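S.K.: Okay, sequence plus prediction incoming.
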Amino acid sequence: MGAEVKPGSARKRVEILNYRPVAYAATALATGILFAAIFRDSGIGMLCVIVAAFAAAVFAFIRKMRILRIVATAVFAGIILFFVSFNAGSVTPGYAENAYIEGRVCAVTSYGDGYSLYTVEDLSVNGEGVAKKASVKSSEKLETGDLVAIYGNIESFELDPFDPYSMSYYRKDVRHKVEAVAISVEGKSDLKFFELIRVTLADRFTTYMGEDAGALALGLTVGDKAFIDYDTEEAVRASGLSHLLAVSGLHVGFLSGIVYFFLRLLRRPKTSALLAVALVLLGYGFVTGFPAGVVRAAVTSICFLYALKKEERFDSVNALSLSVIVLLAAAPMSLFDIGFLMSVSAVLGILAFYTAIRKCFYSEGKLASFLASSVAVSLSANTLLIGISASVFGTFALYFVIANVIAVPYISLIYFFLVPISLFALIIPPIGYLLVPFKYLLQGFIYFSQFISALPFATLEVRVSSAVAAVYSLAVLFVSKFNLLPKNVKIAYAGVSGAVIALLIVL
């Protein structure tokens, strides 16, 4: 993408960005979804955006402008996709007091001292069917598959893309909240296949590793953090290690590598190995509920293995962009999911800044090189995450670099052995005895998290608005290696951006 000059001119074409159509399409698709969300309640504003995007697409096709054609078409597609998804996911807000509610428990969302949060599907209120699921808070101990009758109050809430609280429920297809006065279990339904896997896995972990380590193992393998002790979860978050319990690139990458290279070791053709990886990742997606990090990492892993099969160059930016397109095309509202934002931002930060940061550390020898690379990965991954964390959570883990340098290889080694043993233990229960040593290994991780979180100033309160976070992220990306403008232009832009960010914070 650049500016053309007249023939014969002494000036050369000035490149701004490398020509990556997939990256342009992903960015434009996200922009269209964002515009649609901003103007969703303004008929005139939305009409102007739609007309402008459609007119730009028509103009680009007539004038045969490749870049504008891609961008305008993707923006227009993003607008349409948003409204289809938003209307399909919305329910009419309402409130019913002293209602008789029936449904089926499909998940234990979280639990604390004296109460639990459950997700209930197949809802009916006072005998009438209700679309979508409900979140139920109760002191009753329920299990997945329980058929429940609830007496209490039910409230349907409005879907707001810019409210992290609303979006956390949206991803689980939950649109109602139930305040239970009384709950009775009326029966037990058969567990669905992937529910059975999660429940059986939780049982194996608890039986052979105890409650604390078993809950942590469940979070590590399938991202189910419902049974992790509150103090443990807070210690992990304060240490900057929460990403280890959110199934994403680390988990999918290891799973893909294990399956692919095991099949290649058995001399299976590359095509068969690649197909097997795709099927395994699809199944893993069903077990984990297809969180954004898994979808992104799965698409990236398949792209990498496909490039390996074809013996072609793997482009990380294009792979990331393709995963964004797949995710947003399938679920446009994912753009506003904090899991999606953090997953994409972490990878984008690594792609943009790892090389530059790594060069800042002199290293000689394998250990020094490993430490330098680990620090560079941690710093680059958090370059963009800082803004998101500050705007959404209002906190910053001060010792995240130290914690990640030690914990990431430690947990990676545990994961490498835990996954295959867990899979065999699902089929042959006595193999579960091999899980016993992981109890002590995971307890070590818990103690380490508690130690880091107990250090002075471990968690800093840093809260900024979403506008500040957005400007910060754009400014950081502008000065990255993706922008091919001269260094002095980047420095000038960084200074202006810094002033704008400071002004936004003051205001």
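M.R.: Looks like it arrived, so ask away.
S.K.: quick one: buried residues of the longest strand along the chain?
M.R.: If you go by DSSP state E, the chain has its longest strand at strand 94-112. By neighbour count on 16 or more other CB atoms under 10 Å, the buried set for strand 94-112 is 96, 101-111. C-beta coordinates here come from the backbone N, C-alpha and C atoms, glycine included.
S.K.: and if you look at stretch 25-42?
M.R.: By neighbour count on 16+ other CB under 10 Å, the buried set for stretch 25-42 is 25-37, 39-40.
S.K.: Closest one to Leu142 out of the residues you listed, please.
M.R.: Ala37 (35.1 Å; CB to CB).
S.K.: is it true that that closest one touches Ser166?
M.R.: No - counting by CB atoms under 8 Å, Ala37 does not reach Ser166; the two are 12.0 Å apart.
S.K.: any chance you could map the helices in the stretch 201-350 of the chain?
M.R.: With helices called from DSSP state H, counting those that start in this stretch, the stretch 201-350 of the chain shows them at 230-238, 249-265, 270-288, 292-310, 316-330, 338-358.
S.K.: so which of these gets nearest Tyr433?
M.R.: helix 249-265 (21.5 Å).
S.K.: So which elements touch the longest strand of the chain?
M.R.: strand 115-125, strand 133-138, strand 146-156 (3 or more CB pairs under 8 Å, 6 or more residues apart in numbering; DSSP states H and E).
S.K.: give me that answer again for 6 Å
M.R.: strand 115-125, strand 146-156 (3 or more CB pairs under 6 Å, 6 or more residues apart in numbering; DSSP states H and E).
S.K.: Could you list the low-pLDDT ranges of the stretch 101-250 of the chain?
M.R.: Applying pLDDT under 70 to the stretch 101-250 of the chain flags residues 111-114.
S.K.: again but with the chain, I slipped
M.R.: Looking at the chain by pLDDT under 70, you get 1-15, 111-114, 506-507.
S.K.: Any figure for the gap between the spatially most central residue of it and Pro291?
M.R.: Centre of the chain computed as the mean C-alpha position; nearest residue by CA atoms, centre = their mean is Gly339, 3.0 Å away. If you measure Gly339 against Pro291 using CB to CB, to the nearest Å, the figure is 5 Å.
S.K.: Leu455 now?
M.R.: On the measure of CB to CB, Leu455 and Pro291 end up 30 Å apart.
S.K.: Those two: which has the busier surroundings?
M.R.: Pro291 (20 against 14; other CB atoms under 10 Å).
S.K.: ok, now which ones touch that one?
M.R.: Residues in contact with Pro291, defined by CB atoms under 6 Å, 6 or more residues apart in numbering, are Gly339.
S.K.: Just give the number of residues close to the residue nearest to Ala238 when sequence neighbours are not counted.
M.R.: Closest residue to Ala238 apart from its sequence neighbours, by CB to CB, 6 or more residues apart in numbering: Ser453 at 3.7 Å. Neighbour count for Ser453, taken as other CB under 10 Å: 22.
S.K.: So Ser453 sits against Val236, correct?
M.R.: No - with contact defined as CB atoms under 6 Å, Ser453 does not count as touching Val236 (7.9 Å).
S.K.: Look up the closest residue to Glu158, ignoring the ones flanking it.
M.R.: The nearest residue in space to Glu158 (CB to CB, 6+ apart) is Pro93, at 4.8 Å.
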